[in-house]
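In: From the sequence below, what's the structure:
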Amino acid sequence: MDESLLTFTEALASSAPTPGGGGAAALMGSLAASLGAMAARLSAGKKACAENAAALDGITADCEALRLDFLRQIDADAAAFLPLAAAYRIPREEPNRAETLRRASLDACAAAAEMLHLCTRTAELLTRLKAMASRLMLSDVGCAAAACRAALLCAAYNVFVNTRAYPEDAEAQRLNALAETALEQGLALLEEIEVGVLLALRNEET
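Out: Numbers count the residues shown, from 1 in each chain. As a prediction, the model looks like this:
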């Protein structure tokens, strides 16, 4: 994904089916990881954070890797949608339409499922980062958590929208369980970060 933000957002705002919510989720996840990398990198250079410099460098490297992993999901999500779009165009009287549509719907969850994993990993890194980042970087850590939360929710939406027609399907149930687990774990971590940052910035820490 090497398009400019102007080109990407123009495509997102257009009537074209891709990029859509999945691509937006990937971009938000990449922004979260980017902010995490910046906050960790700048914190590592502060005297007050010197004892955690090595750990912060590790977080920087991990966030940089996640930044690129998220961006790859923009194209992956768009590619996964193409067979689904084609399946919807199959005439209803075609005998294999239902199975083709089911298969394409579940396959279309692949990028979103990967993003759930990436969001959970990002949330874990941001939790560690908040505990050792420079206070000057706290607002950026909070922004990263908010962006990650949005990405996590959007990725889950993109799983559920494609599995909802198949409540009895074992693979759909697996994907739903994956999304539910990621939401349960990730949202709790991210809310704790966001509330903690908000209290700190308001000088209301308990």
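In: what are the ranges of the helices in the chain?
Out: Per DSSP state H, the chain carries helices over the ranges 5-13, 21-44, 53-88, 97-107, 110-132, 138-163, 170-201.
In: So Leu68 versus Ser34, what's the distance?
Out: Separation of Leu68 from Ser34 (CB to CB, to the nearest Å): 10 Å. Placement of C-beta: from N, CA and C, glycine included.
In: likewise Met28?
Out: Separation of Met28 from Ser34 (CB to CB): 11 Å.
In: ditto for Arg103
Out: Taken as CB to CB, the span from Arg103 to Ser34 is 35 Å.
In: Give the buried residues for stretch 198-205.
Out: Neighbour-count burial for stretch 198-205, counted by 16 or more other CB atoms under 10 Å, picks out Ala200.
In: average pLDDT across it?
Out: Per-region confidence: stretch 198-205 scores 89 on mean pLDDT.
In: which residues of this structure score low on pLDDT?
Out: Applying pLDDT under 70 to the chain flags the ranges 1-3, 206.
In: can we see that at 50?
Out: Along the chain, segments meeting pLDDT under 50 are nowhere present.
In: residues in contact with the nearest residue to Leu116 once chain neighbours are set aside?
Out: Residue nearest to Leu116 in three dimensions, not counting chain neighbours: Ala182, with 3.9 Å by CB to CB, 6 or more residues apart in numbering. Ala182 is in contact with 116-117, 119-120, 152, 155-156, counting by CB atoms under 8 Å, 6 or more residues apart in numbering.
In: Pull stretch 5-21 out as PDB, backbone CA atoms only.
Out: Output of stretch 5-21 as PDB, limited to C-alpha atoms (Å, rounded to 0.1, in the frame of the first residue of the first chain):
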ATOM      1  CA  LEU A   5      -3.400   9.500   2.100                       C
ATOM      2  CA  LEU A   6      -5.200  11.900  -0.300                       C
ATOM      3  CA  THR A   7      -5.600   9.100  -2.900                       C
ATOM      4  CA  PHE A   8      -6.500   6.500  -0.300                       C
ATOM      5  CA  THR A   9      -9.200   8.700   1.400                       C
ATOM      6  CA  GLU A  10     -10.600   9.700  -2.000                       C
ATOM      7  CA  ALA A  11     -11.000   6.000  -2.800                       C
ATOM      8  CA  LEU A  12     -12.500   5.400   0.600                       C
ATOM      9  CA  ALA A  13     -15.000   8.200   0.100                       C
ATOM     10  CA  SER A  14     -16.000   7.000  -3.400                       C
ATOM     11  CA  SER A  15     -18.700   4.600  -4.400                       C
ATOM     12  CA  ALA A  16     -16.200   1.800  -5.000                       C
ATOM     13  CA  PRO A  17     -16.600  -1.100  -2.600                       C
ATOM     14  CA  THR A  18     -12.900  -1.200  -1.700                       C
ATOM     15  CA  PRO A  19     -11.200   0.200   0.200                       C
ATOM     16  CA  GLY A  20     -13.900   0.100   2.900                       C
ATOM     17  CA  GLY A  21     -14.200  -0.500   6.600                       C
END
